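Engineer: structure here, sequence nowhere to be found:
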């Protein structure tokens, strides 16, 4: 899985000006742009800034971005990105070394040609004029972090939700907040103490009023932030304060003052080129537990790249100081030389098994649980596509349970066999886990770890018996696009899983090449493939009910796929889709009781032009009678957008 969806979804093949299909890459289109520009010749002879930039774009970018290639956004979509974001991706993003040879002036000219000059911070008109009391915020309605609790159930109990099932059909938008200069809203909000904390591709993390969306502060990070924020207490110099913890896509973890936005500490968790964090930090006790993954699945597609050496990891970080207590790799063996590719470049392995999702933590038994991504190279690791348990105090790997063996993959594997250089010989299906493991108590007094996989299978394993498989339920066909993508929910009675199974439209008759590949037709998503919500009995894996997607009708560009994380409150399950709709289902029958179309323009409290689009990655959150959801996901044919929406009953 490439940065995001495990962010599932087609890959873009870069390096030697080739594009291909595969899984999600959360570094936005800018990563794609940085790759193709990296090999661009100097444009010193171009006349004028625009002519110079157009020459670079035409020579090295248009072949993907103007050809409908998968993962390569068109010129119109690129224009939604800020100049600063494109420049940042080319100079300090995870693929920054590939821009070697371009002068700062060339990079700047490209950024200005393609991006918008809209400011990357919100207007002063949205500044909060009065501070909301932050007294005992964890005793009030809240949604803290990814899954509400360290067990990662994604279920909000009634006392915290304060939203009755009977009132859900009356939900209406109360306010909207626009993220400037981006085409994707991909970070799940956190609600604590009457404030909303949310990351962005800006790259900024915001603190907003839950009541009206005014802004308390905005903190600039080194890279986009798609991980959810976690709030907790911290004591420094004898003073207790509230800290907001989050990670960016350059694998840097931050602690900032939750009230002021001032930096307390930051820590680079992994220095490997392309290392990233999409895993929301889990705060348990006095430590943060966070996983790392990487974009090496993309880097490894370049014929001259020595693929691959990255190994996923889990780290325990002191919440007060940022000190690393332990760091354990998901693949215990260090990579070794394996063979050479067609261009006589050394290949390495094993590699991969990144951790894309938030860990589950059991303080009572002293264990941290994660799910892992696929391998990147030969030999395939025995711990990729797995549930893994680590000892809480030491980081010792206790056990692992693999669900898809021999799954080694880079985006190179999406090309015709004759063109492949670094595709592993194993060439697996790219079925990594993007869902956090949910730690669940079963009626028979046993426990289970439950997670959905891009294979379209929901798995339950026994954490107390070395990951022994309890049941496996196939709810979809599965693919590199998912399957079950970003997260399941558990309300104490049932497990809820949404199905992606997104598929490209078949190539029209008479055309050659695969959709979204260089030389093939433009990528379009099938309006009939994928989607649906499933309720599963946690005891035995039986499907209790399933509700298909209502259908796209004749809506242009619509896909029924539902790959965003699922959220549950008493009596209701919430699921967003690539069609831009957020739907509420009755948890006992699966009947759709509310349907909100977010793929439209919204007036925003901060004056930023904004619209919704596809809902993918994070799920909605519910707290204190309000529902919050991000809309817009310009990836894998998804509809772009840049808005955070706050719903209340009757919009009041």
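Structural biologist: Sure thing, it's come through. Worth saying up front: this structure is predicted, and the values here are computed from it rather than measured.

Engineer: leaving out the residues flanking it, which one is nearest to residue 461?
Structural biologist: In this structure, residue 461 finds its nearest non-sequential neighbour in residue 467, 4.5 Å apart by CB to CB, 6 or more residues apart in numbering. C-beta: built from backbone N, CA, C; applies to glycine.

Engineer: just residue 619 next, same as before
Structural biologist: Nearest one to residue 619, counting by CB to CB, 6+ apart, is residue 565 at 3.5 Å.

Engineer: does the one you found belong to a helix, a strand or coil?
Structural biologist: coil (DSSP: H, G, I helix; E, B strand; the rest coil).

Engineer: right, and it touches residue 617 too?
Structural biologist: Yes - using CB atoms under 8 Å, residue 565 is in contact with residue 617, at 7.3 Å.

Engineer: can you list residues touching both of those two?
Structural biologist: Both residue 565 and residue 617 are contacted by 188, 486, under the criterion CB atoms under 8 Å, 6 or more residues apart in numbering.

Engineer: could you check the pLDDT of the nearest residue to residue 154 once chain neighbours are set aside?
Structural biologist: Closest residue to residue 154 apart from its sequence neighbours, by CB to CB, 6+ apart: residue 489 at 4.0 Å. In this model, residue 489 is scored at 98, pLDDT.

Engineer: could I get the contacting residues of residue 489?
Structural biologist: 153, 154, 155, 438, 495, 496, 565, 566, 567, 568, 573, 619.

Engineer: if you set the cut-off to 7 Å instead, what comes out?
Structural biologist: 153, 154, 155, 496, 566, 567, 568, 573 (CB atoms under 7 Å, 6 or more residues apart in numbering).

Engineer: just the residues you listed now: which is nearest residue 244?
Structural biologist: Comparing the contacts of residue 489 against residue 244 with CB to CB picks out residue 154 as the nearest, at 20.2 Å.

Engineer: so what's that closest one up against?
Structural biologist: With CB under 7 Å, 6+ apart, residue 154 has these contacts: 147, 148, 487, 489, 565, 566, 567, 568, 619.

Engineer: what residues does the second one make contact with?
Structural biologist: The contact partners of residue 148, taken as CB under 7 Å, 6+ apart, are 154, 155, 156.

Engineer: same thing but at 6 Å, please
Structural biologist: residue 156 (CB atoms under 6 Å, 6 or more residues apart in numbering).

Engineer: mind checking how far it is from residue 606?
Structural biologist: According to CB to CB, to the nearest Å, residue 148 and residue 606 sit 27 Å apart.

Engineer: and if you look at the fourth one?
Structural biologist: Residue 489 sits 31 Å away from residue 606, going by CB to CB.

Engineer: low-confidence ranges, the stretch 1-150 of the chain, go.
Structural biologist: 1-49, 57-100, 115-125 (pLDDT under 70).

Engineer: quick one on the thing from earlier: touching, the residue nearest to residue 461 and residue 399? I think so.
Structural biologist: Yes - assessed by CB atoms under 6 Å, residue 467 is found in contact with residue 399 at 5.3 Å.

Engineer: so which of these two has more stuff around it?
Structural biologist: residue 467 (22 against 16; other CB atoms under 10 Å).

Engineer: ok, that one - contacts?
Structural biologist: With CB under 6 Å, 6+ apart, residue 467 has these contacts: 387, 399, 401, 461.

Engineer: let's go with 10 Å and repeat that
Structural biologist: Shown here is residue 467, whose contacts under the criterion CB atoms under 10 Å, 6 or more residues apart in numbering are 369, 386-389, 398-403, 449, 459, 461.

Engineer: and the helices in the stretch 201-350 of the chain?
Structural biologist: Secondary structure of the stretch 201-350 of the chain, counting by DSSP state H, counting those that start in this stretch: helices at 296-299.

Engineer: could you pull out the strands in it for me?
Structural biologist: Assigned by DSSP state E, counting those that start in this stretch, the strands in the stretch 201-350 of the chain fall at 204-209, 215-220, 230-236, 239-247, 252-257, 263-268, 275-276, 282-284, 287-294, 313-318, 324-329, 336-340, 346-349.

Engineer: residue 555 is nearest to which of those?
Structural biologist: strand 204-209 (31.2 Å).

Engineer: next, the angle from that closest one to strand 239-247.
Structural biologist: Interaxial angle of strand 204-209 relative to strand 239-247 (axes from the mean of the first three to the mean of the last three CA atoms, to 10 degrees): 130 degrees.

Engineer: let the chain start at 662 from now.
Structural biologist: OK, 662 is where the count begins now, so the last one is strand 865-870.

Engineer: tell me what strand 865-870 is packed against?
Structural biologist: Judged by 3 or more CB pairs under 10 Å, 6 or more residues apart in numbering; DSSP states H and E, the packing partners of strand 865-870 are strand 832-839, strand 851-853, strand 856-860, strand 876-881, strand 900-908, strand 913-918, strand 1304-1310.

Engineer: list the buried ones in the first one?
Structural biologist: If I follow you right, that is strand 832-839. 832, 834, 835, 836, 837, 838, 839 (16 or more other CB atoms under 10 Å).

Engineer: counting by contacts, list what it packs against.
Structural biologist: Using 3+ CB pairs under 10 Å, 6+ apart, strand 832-839 sits against strand 865-870, strand 1253-1258, strand 1262-1263, strand 1271-1272, strand 1287-1292, strand 1304-1310.

Engineer: again, only using 8 Å
Structural biologist: strand 1253-1258, strand 1262-1263, strand 1271-1272, strand 1304-1310 (3 or more CB pairs under 8 Å, 6 or more residues apart in numbering; DSSP states H and E).

Engineer: and the third one, by the same measure?
Structural biologist: Strand 856-860 is packed against strand 851-853, strand 865-870, strand 900-908, strand 1304-1310, with contacts defined by 3+ CB pairs under 8 Å, 6+ apart.

Engineer: what about 6 Å?
Structural biologist: strand 865-870 (3 or more CB pairs under 6 Å, 6 or more residues apart in numbering; DSSP states H and E).

Engineer: run the chain-centre distance for the strand it packs on.
Structural biologist: From the chain centre to the centre of strand 865-870 is a distance of 19 Å (CA atoms, centre = their mean, to the nearest Å).

Engineer: quick one: buried residues of that strand?
Structural biologist: Buried, per 16+ other CB under 10 Å, within strand 865-870: 865, 866, 867, 868, 869, 870.

Engineer: equivalent analysis for stretch 985-999, please.
Structural biologist: Those would be 986, 987, 989, 990, 991, 992, 996, 999, for stretch 985-999 by 16+ other CB under 10 Å.

Engineer: just stretch 1154-1169 next, same as before
Structural biologist: 1155, 1156, 1157, 1158, 1159, 1160, 1161, 1162, 1163, 1164, 1165, 1166.

Engineer: I'd like those residues as CSV, with distance to residue 1081 appended.
Structural biologist: What follows is the buried residues of stretch 1154-1169, written out as CSV (distance: CB to CB, whole Å):
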residue, distance to residue 1081
1155, 43
1156, 38
1157, 39
1158, 33
1159, 33
1160, 30
1161, 26
1162, 26
1163, 24
1164, 23
1165, 20
1166, 24
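
Engineer: nearest to residue 804, of those?
Structural biologist: Using CB to CB, residue 1157 comes nearest to residue 804 of these, at 16.8 Å.

Engineer: the closest one and residue 1111: what is the separation?
Structural biologist: Counting by CB to CB - residue 1157 and residue 1111 are separated by 11 Å.

Engineer: count the residues that sit near residue 800.
Structural biologist: 8.

Engineer: give me the nearest residue to residue 891, chain neighbours excluded.
Structural biologist: The nearest residue in space to residue 891 (CB to CB, 6+ apart) is residue 806, at 4.1 Å.

Engineer: OK, contacts around the one you found?
Structural biologist: 889, 891, 941.

Engineer: export the residues you listed to JSON lines and tack on pLDDT, neighbour count and distance to residue 1213?
Structural biologist: Output for those, formatted as JSON lines (pLDDT from 0 to 100; neighbours: other CB atoms under 10 Å; distance: CB to CB, whole Å):
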{"residue": "889", "pLDDT": "97", "neighbour count": "27", "distance to residue 1213": "30"}
{"residue": "891", "pLDDT": "98", "neighbour count": "26", "distance to residue 1213": "36"}
{"residue": "941", "pLDDT": "96", "neighbour count": "30", "distance to residue 1213": "31"}
